[in-house]
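A.B. asks: A structural model of the following input is requested.
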Amino acid sequence: MLVASLLEKEKGIKAGDAFRIFERNGMRFKIVICTDFRYQESIHREDINFLVWVTHFSAENYGRAVSEMRRFSMRERIQVMASSPVCGKNIGMSTYVNGNDVFSLSSYEGIMEIEINS
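C.D. replies: Residues are numbered from 1 along each chain as shown. I've put the predicted structure just below:
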């Protein structure tokens, strides 16, 4: 996480200093957490195959968040996987976006598994 929200700061959560690149099975990706996705201009994408966004979808923010992921995916020509746990006010709905295509889990707990080939 590069940006900590006010609530996160109040809870003692500190921002990081850089986005790290992870590699698995020849695929390179970055993980952004919650507020980081708002600062897309700081996420350098030329060196990754896809982006993972760990966030909390609620009934109030899900539609807006998916629209933003679609715009980002189409503009940057990159796939986005958003992981959202089911807890508290969070509704789950982990979502995969590739351009204009969107695939989402329901609000039930579960695992979304996606195979991305280079």
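A.B. asks: tell me what the lengthiest strand in the chain is packed against?
C.D. replies: The longest strand of the chain (DSSP state E) is strand 27-33. With contacts defined as 3 or more CB pairs under 8 Å, 6 or more residues apart in numbering; DSSP states H and E, strand 27-33 has these neighbours: strand 21-24, strand 50-54. Glycine gets a C-beta too; all of them are placed from N, C-alpha and C.
A.B. asks: helices or strands up against the helix or strand following the last one?
C.D. replies: Taking DSSP states H and E as the definition, the helix or strand that follows strand 50-54 towards the C-terminus is helix 62-76. Packing partners of helix 62-76 (3+ CB pairs under 8 Å, 6+ apart): strand 79-83, strand 95-98, strand 101-104.
A.B. asks: so what touches the second one?
C.D. replies: Here strand 95-98 makes contact (CB atoms under 8 Å, 6 or more residues apart in numbering) with 57, 66, 69-70, 72-73, 79-82, 84, 102-105, 112, 114.
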